[in-house]
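Q: This is a predicted model, with the sequence first.
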Amino acid sequence: MSARNLLDLAWLIPVFPAFGAVVLLLFGKRIGEPRAGWFATAMIGLSFVCSVIAFFALRSLNPDARANVSQGFTWIQAGTFRVDFRFLVDPLSSTMTLFVTGVGTLIHMYSVGYMHGDSRYSRFFAYLNLFAASMLVLVLGSSFLLTFMGWEGVGLCSYLLISFWFERNSAAVAGKKAFITNRVGDFGFMLAMFLIFQKVGTLDYSALGAAGHLPQSTVTAIALLLFLGAMGKSAQVPLHIWLPDAMEGPTPVSALIHAATMVTAGVFLLVRAHAYFDFSNHAGTVVAWVGAITALYAASVALVQNDIKRVLAYSTISQLGYMFLAVGVGAYSAGIFHMITHAFFKALLFLGAGSVIHGMHDEQDMRRMGGLRKFMPITAGTFIIGWLAISGIIPFAGFWSKDEILAKAWSTQNYALWAIGAVAALLTAFYMTRQVWLVFFGPERWRDDAVLLGHEIAPTEVEEPVAAAADHGAPEHGLEPHESPWTMYVPLVALAGLTFVGGALDLPFAKAKFNVLDRWLALPEAHPTSGLGGVALSTIALAIGVIGILLAIHFYRNGLRADGTDPAVERLGGFAGVLENAWYIDYGIARFVSGPVTAFARFLSDGVDKAGIDGAVNGIGTAARESGGGLRRLQTGLVRNYALAIALGTVLLLLYAATRVTF
Amino acid sequence: MSPLMGALTTAVEPTSKLGFPLLTFLVFLPAIGAIVTLLMPVRRPELSRAVGYITSMATLGMALFLLTQFDTNPLNSGFQLLETHSWISQLGVRWTLGVDGISLFMVALSALLFPIGILASAEVEKPKQFLVWMLLLESAMIGVFLALDAMVFFFFFEFVLVPMYFLIAGWGHDNRRYAAMKFFLFTMTGSAFLFAGIVSVAFMHQHATHVLTFDVGTLTNWAAANIHGGTAKVLFLAFVVGFAVKVPLFPFHTWLPDAHTDAPTAGSVVLAGVMLKIGAYGFLRFAIPFFPQAAVDLAPLLIVLAVIGITYGAIVAAMQPNLKRIVAYSSVAHLGFVVLGVFALTNQGISGGLFTMLSHGLTTGALFLLVGMLYDRRHTYELSRFRGIWKAAPVFGGLFVAATFASIGLPGFSGFVGEFLSLLGAFLTSRWYVVVASTGVILAAVYLLWAVQRAFTGEPDDENRATPDINFRELVTVVPLLGLSLFLGFYPKPVLDRLQPSVNALIRHVEANSNYKAPTVPTVVAPQKGEGK
């Protein structure tokens, strides 16, 4: 079997989890726990095996011909518009499938333990499998429209999984919010496709090169519309508002969808369609600035969060900002590199957080944690590796990828972007250290109910833990925290290993050919490296991380103050309120929608439709009724007779007509 | 000669290689069933029901047979299975039936929705009368789509109202009298315009050629070539008003929410599923082919109304406190996509419009069925009275969510194919209108998911906790619709391929009889196997 024959079987990669989803949706209840979970894990595991085979088959090809579009059937065809179900395996999609299925398998396995005892256990795995299938269609699709299909599929699964515990109103609202916010982005994606079809004649990725022949304004318009789509899916300001709320979903969902895979779809889309950004003069600048602002914004908000998952949610938004910063300055492979390392360490952190929540009996407020390293050593150890990685400490994966992005920003003379990225990196190291210290070090605040009772917790933040507790039974404070079962910590250890060595994918030593990912992806690099040497930049980046960590340790070495207040947040004074409310963006949008937008909708509904149009119609009716004596009978229900008369007349006419038929 | 009606003008000889008049059978079979039902004793309702099931299933079977007999040769753009007999010769009215890509799936959809509607109404009061009206309605509905004589078309077009009126007035909810009367008067007013239009064209034709005929093919060719300028525009508008009320286009839509809300479930399914499409069908069969230049000149007007329908319908839907009214207003928005695509006058636009007509019948049909089941359980449509239904009735809730996403137009469901194509096709001719119309994809998610959140999620309260889950009979009504929507979402080719010849012929007809040139897009060589990017 030749390599290309093998690659033609790429459709198997999404088909395994799709099959799993169908089986579990139909027969999940009968399959039961834990078999449903293991079945789903097996399906995504098979998909991973196929991805590995596809990877080696692709690698065996000549570097210039590393792309294969499998045979398929026609999906939509009307006139000259045609889209096929075909899967494209090239270095980019192969890389994506590897990490989607790889991280996906670990998270499936983790969920087997995490979801233990849930009343909709098999349903959860059906959704997870459906999500994986959609994500794989997204990355393997050979055209914008097929990618869009996967794109919407992951949106659906995201909705279903965020509101998985839909008995909780907050979860149901969060799921809806995520889907609708994503649809705003989809609006841009769709318009981009319309424009591409009009100007290029096909949505197939094989015609991406045509971007070079289009007028500058068209290329930029397409690029920015695609970016609008990416902003929704990848939670860039101001379309980020859904992601913090998405933490209402079960923690493995947060790890799989809202950290490692789905939210990176936007980055993937831009890299896939990079031709439009290469040829556009200004689109890249917009992308880079939005990314940088998002990175800084979200990092600042993460400083003051008290919910263990919310810190990670804002951290994810911030890290996605880095990826867009990279894509915007034309450093595509650096963006993908950070996407992969981020998938490793953020999945690790989320699953670690889930393990903590599990061990703490559904407690999510970090103010009620502390000193947990003694009780859950594996979770603590792996979490610390993730913390060092995201803080940019050598030699962990995050150091290499974040460093590469900052170096690229510097070398393309975007010094302002570099500075924003550097400040965000400082904040990142700070808030992650704060999290680690509050959770794993310092006094065991969960023992001390007095602190909790004496401390007044803001109502917005107390909602979630209480709601979560309501769902799973009240946390029993007498019980000690415990380490999680092996199905949960094995994925943690595996991800920690990947986080440890993941940086080796793309070391910045081009001469020694250590930039493996860079050469494998073979994406264009917009600008040559120049200016300050790489080593000096890396040293600065490392120093920033160390300073952030030391600063945070200085504040939090003893945990919270005795009265339960936060030593660093207190220093911020009134500004802390701004940060706690995420700069009032979400609040502002919510006020705008519930205020003027709703008022306008009500005006249309009650004013225009009911009073205006329908009122006019009824007015004409009344006028006719009161002017014509004969018509007055309509009011007395005689319209029924009128209709009957018509019916009878019609029947008579029909009978008459029937007699006239001459066959 | 126009390519559109080439087949018809020459083919006077009764075609149908079948040896029997399949289309006439299709039209009359349900009516015969209605007569048989009339003969059944009132005290034995199960006999009436049996006749209803058998007749509607037999009609469905014949419609499926029609699908197999339909020639898929892409060059065959004319009418197939033509039957023509002289009827009222003094008036030049002939019994002419035929089917093409534009009508084929409307016939099939009608034949599918009636047995489902009847099954969904297994527990109605006065089943005998109910079934008589349903079967008569089915005959009329199929007749509308098959008639190729303008008078026969008009006859069926009007006749549809009668059983529908009695279904709403007899089996509807609280405001049924008001709703039925409003529905009746609205559409009758529109019909007056339509009748005037049809008769004017026929008389003008008679004046010029001394032949009185209502043959659609003849009139199309003659009118397209000989009626120009202001006359054409006035007549075009007469047809448009007649059909716009049915669609319904903004601002002629206010009968629809009332009629839907107070209609019995089966009535809503048929009303939304096929009856609204008569309007869009009329645009494609009469208004555009008769007056191509006027259609091209006035297309912006209709596109504006369509875009208003899409956005306005969605916004008003979001504000409704009544679940059934939300689904009703969603039809205004969906039919907006149809009209937008149709008046884009591009292949993708018209194909998308036609596909949406079919798809909307499936998804909105399913939604109305589900809303009806909810009413059967809770005796209300008020959103504020529902809570946590998904937990109380998990399978029912899951199906409702599935139908919701089908209606939103998620890729994988048929709605996406139709909406995407009609937006894409319209983008080629009216870019900025499509930018506004595309917000409809956001708004659809808003009003439907908001409704789901309010009614289906959360912890069920005492009122809702005991809501029974879906039963087998109900499952049989909904699953085929959703299954078909899913199938066509992944594999719309069987439908799209059969639409193409007629759609292309219509566009060529418009191009031949107006100054319009369909926009072209760059052509690209289809990617070959093994070829990368």
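A: Received, thanks. Bear in mind the structure is a predicted one, so any value in this text is a computation, not a measurement. Numbering: from 1, shown residues only, chains lettered A, B, ... in the order given.
Q: Going by C-alpha atoms from here, please, whenever you check contacts or count neighbours.
A: OK.
Q: check contacts around the residue of the stretch 301-450 of chain A found nearest chain B.
A: For the stretch 301-450 of chain A, the residue closest to chain B is A:Tyr332, as judged by CA to the nearest CA, at 16.8 Å. Contact analysis of A:Tyr332 by CA atoms under 8 Å, 6 or more residues apart in numbering or on different chains lists A:Val271, A:Ala326, A:Leu523, A:Pro524, A:Glu525.
Q: How about B:Leu484?
A: B:Leu362.
Q: for chain A, what are the low-confidence residue spans?
A: A:1, A:448-479, A:510-512, A:526-533, A:624-663 (pLDDT under 70).
Q: how about the strands in it?
A: Secondary structure of chain A by DSSP state E: the strands cover A:68-69, A:73-78, A:81-85, A:88-89.
Q: Look at residue 208 and say how many residues are nearby.
A: You didn't pick a chain, so chain A it is. A:Leu208: 19 surrounding residues under other CA atoms under 10 Å in any protein chain shown.
Q: my bad, the chain I had in mind was chain B
A: Using other CA under 10 Å, B:Ala208 is surrounded by 12 other residues.
Q: From chain A, how far off is it?
A: Distance, B:Ala208 to chain A, by CA to the nearest CA, to the nearest Å: 27 Å.
Q: That residue sits in which helix or strand?
A: Taking DSSP states H and E as the definition, B:Ala208 sits inside helix B:176-209.
Q: Low-confidence regions, chain B specifically.
A: In chain B, residues with pLDDT under 70: B:1-17, B:524-533.
Q: Can you tell me which residue sits nearest the middle of it?
A: By CA atoms, centre = their mean, chain B has its centre lying nearest to B:Lys277, at 2.5 Å.
Q: can I assume it is in contact with B:Val247?
A: Yes - counting by CA atoms under 8 Å, B:Lys277 does reach B:Val247; the two are 6.3 Å apart.
Q: phi, psi of the closest residue to B:Leu276 other than its chain neighbours?
A: In this structure, B:Leu276 finds its nearest non-sequential neighbour in B:Val247, 4.8 Å apart by CA to CA, 6 or more residues apart in numbering or on different chains. Per-residue torsions, B:Val247: phi -50, psi -50 (degrees, to the nearest 10).
Q: residue contacts, the nearest residue to A:Gly559 once chain neighbours are set aside?
A: When the adjacent residues along the chain are set aside, A:Gly559 lies closest to A:Gly442, with 5.0 Å between them (CA to CA, 6+ apart). Neighbouring residues of A:Gly442 by CA under 8 Å, 6+ apart: A:Gly370, A:Gly371, A:Arg557, A:Asn558, A:Gly559.
Q: A:Leu92 too?
A: Contacts of A:Leu92 (CA under 8 Å, 6+ apart): A:Arg272, A:Leu521.
Q: The host helix or strand of B:Arg498: how far from the chain's middle?
A: Secondary-structure element containing B:Arg498, defined by DSSP H and E: helix B:493-512. Put simply, helix B:493-512 sits 18 Å off its chain's centre (CA atoms, centre = their mean, to the nearest Å).
Q: Check the stretch 451-600 of chain A for the residue nearest chain B and tell me.
A: Closest point on the stretch 451-600 of chain A to chain B, by CA to the nearest CA, is A:Thr598, at 8.5 Å.
Q: Could you check how far B:Leu284 is from B:Asn504?
A: Note on B:Leu284: its distance to B:Asn504, by CA to CA, to the nearest Å, is 12 Å.
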